[in-house]
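Engineer: give me the fold of what follows.
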Amino acid sequence: MDNPLDGILPDFSFGGAEFTALWQKLIAALWAIGILVSIGFLIFGIVAMAGASGDTNPNPQAHAQGRRKAVWAGIALAALAGLAIIVGAVLSFAG
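Structural biologist: Below you'll find the model as predicted:
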């Protein structure tokens with residue numbers, strides 16, 4: 001069986017120039033919000049680590065939880081920062 005999608009490429013200009021500008025601004029805004037949220041979680045994770053490793057009352061469990069939050073927030077931030085490269089790489093390998 002032949003590939004029914006062979007030679008068909010996605011075209012995002014179906015709604016005209018104004019619609020294209022609108023969805024691009026919407027995607028950029030969502031991307032920026034995601035970056036800000038991941039930065040917030042990274043800050044909270046680092047603060048939790050700092051608060052749990054004080055000299056007066058060290059708490060290894062709380063430090064580990066804060067570290068885990070900070071690591072995942074850092075991974076999310078790195079993925080969001082490189083989102084354009086990741087999507088471009090996926091599309092170039094798939095296409």
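
Engineer: okay, and for this structure, where does confidence drop off?
Structural biologist: Within the chain, the ranges that satisfy pLDDT under 70 run 95.

Engineer: can you map out the helices along it?
Structural biologist: 16-52, 60-81, 83-94 (DSSP state H).

Engineer: just put those helices in a markdown table and tack on distance to residue 7 and mean neighbour count.
Structural biologist: (C-beta placed from N, C-alpha, C; glycine too.) Formatted as a markdown table, the helices of the chain follow (distance: least, CB to CB, whole Å; neighbours: other CB atoms under 10 Å):
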| stretch | distance to residue 7 | mean neighbour count |
| --- | --- | --- |
| helix 16-52 | 23 | 13 |
| helix 60-81 | 32 | 15 |
| helix 83-94 | 15 | 10 |
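
Engineer: for residue 2, find the nearest of those.
Structural biologist: Proximity to residue 2 (CB to CB) singles out helix 83-94 among the helices of the chain, at 18.4 Å.

Engineer: angle of that closest one against helix 16-52?
Structural biologist: 120 degrees (axes from the mean of the first three to the mean of the last three CA atoms, to 10 degrees).

Engineer: so helix 83-94 versus helix 60-81, what angle?
Structural biologist: 70 degrees.

Engineer: list the contacts of helix 83-94.
Structural biologist: 31, 79 (CB atoms under 8 Å, 6 or more residues apart in numbering).

Engineer: same thing with stretch 42-60?
Structural biologist: 61-63, 65-74, 77.

Engineer: would TSV of those with distance to residue 93 be doable?
Structural biologist: Written out in TSV, the entries for the contacts of stretch 42-60 read as follows (distance: CB to CB, whole Å):
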residue	distance to residue 93
61	42
62	42
63	40
65	37
66	36
67	33
68	31
69	32
70	31
71	27
72	26
73	28
74	25
77	24
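
Engineer: a markdown table for the helices of the chain, including distance to residue 8?
Structural biologist: Listed next are the helices of the chain as a markdown table, based on distance: least, CB to CB, whole Å:
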| stretch | distance to residue 8 |
| --- | --- |
| helix 16-52 | 19 |
| helix 60-81 | 29 |
| helix 83-94 | 13 |
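
Engineer: which of those sits closest to residue 4?
Structural biologist: Nearest of these (CB to CB): helix 83-94, 16.1 Å.
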